[in-house]
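Enquirer: mind looking at a prediction? Sequence and model below.
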Amino acid sequence: MRDEHVERWLQRYRETPPEQMPWHREEPAEGLEETVRRGLLPRGLTLDLGCGTGTDLMYLARQGYQVVGVDIAPEPLRFARERFHRAGLDIPLIRADARLLPFRDASFDLICDSGCFHTFAPEIRPLYARSVARVLKPDGILFLREFHADQPQPPEGGPYRLKLEEFLEVFTPYFRFLSAGEIYLPDLPPDRRRLHLIRLQRR
Ligand SMILES: C[S@@+](CC[C@H](N)C(=O)[O-])C[C@H]1O[C@@H](n2cnc3c(N)ncnc32)[C@H](O)[C@@H]1O
């Protein structure tokens, strides 16, 4: 699917190397470790959707999750592959669109998305929800870590700052709501400090 959303991402990675992207980091996404430690994310076959440079995949693999990464852009996948190789980790990476996932129905126990869903414009969010629901097993978990609406929305559109209701509207047809938390990162710019941590369960 080559549309404006995809073109924007491809262009972004053509302009800036993956390791210089603001989300690239050496430590797992804030909130992920705590959620794993609390036993809220089932260990099993896990997809990191919009995995970028693969930091969360490395962390989850080391925690005993069997992981697969998907991203729409080739550059972060190339970067992640080299990282995994250096770290001695064997993690499959697939270039694909979250809206058209190349997996069988009910393949995964867990899908993690840190900062991918919030880049989708409202009209394409339902395609994402349907795609993710299809590849999750019944009772499987979707863990979303996305920008919160209680901070400034840059004028140029996405990434979108979202209200909890906006997630529920899109996901409720396929998912039960399990929990919603928030994290606050005071060292980041004022429009990127607040994030939702949402867990949904496939019906
Ligand atoms: C903000 S970055 C976050 C990367 C990574 N999850 C992290 O936390 O470091 C969002 C990622 O989602 C990917 N992405 C955007 N749209 C996508 C789509 N339709 N399908 C798959 N990946 C997508 C982008 O290429 C980008 O690497």
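Expert: The structure has been received and is ready for your questions.

Enquirer: tell me the contacts of residue 18?
Expert: Residue 18 is in contact with 24, 52, 53, 75, 76, 78, 79, counting by Cβ atoms under 8 Å, 6 or more residues apart in numbering. In short, each C-beta sits where N, CA and C put it, glycine included.

Enquirer: and residue 158, by the same measure?
Expert: 118, 119, 120, 121.

Enquirer: just the buried ones from those residues, in ChimeraX syntax?
Expert: Filtering the contacts of residue 158 down to the buried ones (16 or more other Cβ atoms under 10 Å) takes a single ChimeraX command:
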select :118,119,120
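
Enquirer: of the contacts of residue 158, just say which sits nearest to the ligand.
Expert: residue 119 (5.3 Å; Cβ to the nearest ligand atom).

Enquirer: return the residues in contact with the spatially most central residue of the chain.
Expert: What sits nearest the mean C-alpha location of the chain, by Cα atoms, centre = their mean, is residue 113, with 1.8 Å. Counting by Cβ under 8 Å, 6+ apart, residue 113 makes contact with 48, 49, 50, 98, 132, 142, 143, 144, 145, 146.

Enquirer: whichever strand in the chain runs longest pairs with which strands?
Expert: Longest among the strand segments of the chain by residue count, using DSSP state E, is strand 136-147. With DSSP bridges as the test, strand 136-147 is paired with strand 108-114 (parallel), strand 194-202 (antiparallel).

Enquirer: deepest in the core, which of those is it.
Expert: Comparing the strands paired with strand 136-147 by mean neighbour count (mean count of other Cβ atoms under 10 Å), strand 108-114 ranks first with a mean of 24.

Enquirer: pLDDT of that one, averaged?
Expert: The pLDDT scores in strand 108-114 average 98.

Enquirer: quick one, phi/psi of the nearest residue to residue 135 once chain neighbours are set aside?
Expert: In space, residue 135 comes closest to residue 103 once its chain neighbours are excluded; the distance is 4.6 Å by Cβ to Cβ, 6 or more residues apart in numbering. As for residue 103, its main-chain torsions (degrees, to the nearest 10) stand at phi -130, psi 160.

Enquirer: could you do residue 40 as well?
Expert: The phi/psi pair for residue 40 (degrees, to the nearest 10) reads phi -90, psi 0.

Enquirer: show me the beta-bridge partners of the nearest residue to it once chain neighbours are set aside.
Expert: Distance criterion Cβ to Cβ, 6+ apart; nearest residue to residue 40, sequence neighbours excluded, is residue 199 at 6.3 Å. The partner list for residue 199 in beta bridges (DSSP bridges) reads residue 143, residue 179.

Enquirer: which residues touch residue 199?
Expert: 35, 40, 41, 141, 142, 143, 144, 178, 179, 180.

Enquirer: make a markdown table out of those and add neighbour count.
Expert: Formatted as a markdown table, these follow (neighbours: other Cβ atoms under 10 Å):
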| residue | neighbour count |
| --- | --- |
| 35 | 18 |
| 40 | 15 |
| 41 | 20 |
| 141 | 22 |
| 142 | 26 |
| 143 | 23 |
| 144 | 24 |
| 178 | 13 |
| 179 | 12 |
| 180 | 14 |
